[in-house]
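Asker: Below is the sequence, then the predicted model.
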Amino acid sequence: MKVLVVYYSRSGHTRQAAEMLAEKLSADLQELVDRSSRKGLIGWLKSGRDAVKEKEAELAPLERRPEDYDLIVVGTPVWASHPAPAVRTFLAAHDLTGKRAAFFCTMSARGGEETFEIMKGLLSDGEPVGTLALAVKKQLTEENSRQIDEWVAKLTGQG
């Protein structure tokens, strides 16, 4: 099974989780690069506003072609119970019909379920095969690592 982990990360938490998942799934990694600056306090405020307003982002071209993969794992930070605009844009732009899709998110405390519902609505074909919400404060913890291990086992049919 050929696996692609696609993610957007503003602060690095989602990147950490994506890298762990890619390693454990022997997957290729594709970062979504938002051409709009989201750095600093202004970027943080703009990010939340754009997520709530369901704005799409202008993305740099992808290095990988999602249609070449069997399973696409999509990761996003949670911003005001919404996915990042870059993830919204990716899901809206790619027809994943016939592919298996799974979602993960990083969040400070809550908003994962609402974020997954929005992402499901953008998915071109059915339900995701799995979701994983990771509560992260300053960095990924041993608990997050255990959650990732368990989720990978489920995705690969080993759990």
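Answerer: Thanks, I have it. Computed from a predicted model, the values in this text were never measured in an experiment. Numbering: from 1, shown residues only.
Asker: Run through the neighbouring helices and strands of the helix or strand of the chain with the lowest mean pLDDT.
Answerer: The helix or strand of the chain with the poorest confidence is helix 40-52; it has a mean of 76 (mean pLDDT, DSSP states H and E). Packing contacts for helix 40-52, counted by 3 or more Cβ pairs under 8 Å, 6 or more residues apart in numbering; DSSP states H and E, involve strand 71-79, strand 82-83, helix 85-93. From N, CA and C alone the C-beta is placed, and that goes for glycine too.
Asker: Take these and lay them out in CSV including mean neighbour count.
Answerer: Listed next are the helices and strands packed on helix 40-52 as CSV, based on neighbours: other Cβ atoms under 10 Å:
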stretch, mean neighbour count
strand 71-79, 26
strand 82-83, 26
helix 85-93, 23
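Asker: can I get these in a markdown table with distance to residue 7 and mean pLDDT?
Answerer: Below are those laid out as a markdown table (distance: least, Cβ to Cβ, whole Å; pLDDT from 0 to 100):
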| stretch | distance to residue 7 | mean pLDDT |
| --- | --- | --- |
| strand 71-79 | 4 | 95 |
| strand 82-83 | 11 | 94 |
| helix 85-93 | 8 | 95 |
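Asker: elements contacting the helix or strand where residue 5 lies?
Answerer: Using DSSP states H and E, residue 5 maps to strand 3-7. Counting contacts by 3+ Cβ pairs under 8 Å, 6+ apart, strand 3-7 is packed against helix 13-25, strand 28-31, strand 71-79.
Asker: And the last one, what does it pack against?
Answerer: Going back to what we said before, that points to strand 71-79. Against strand 71-79 (3+ Cβ pairs under 8 Å, 6+ apart) you get strand 3-7, helix 13-25, helix 40-52, helix 85-93, strand 100-107, helix 112-122.
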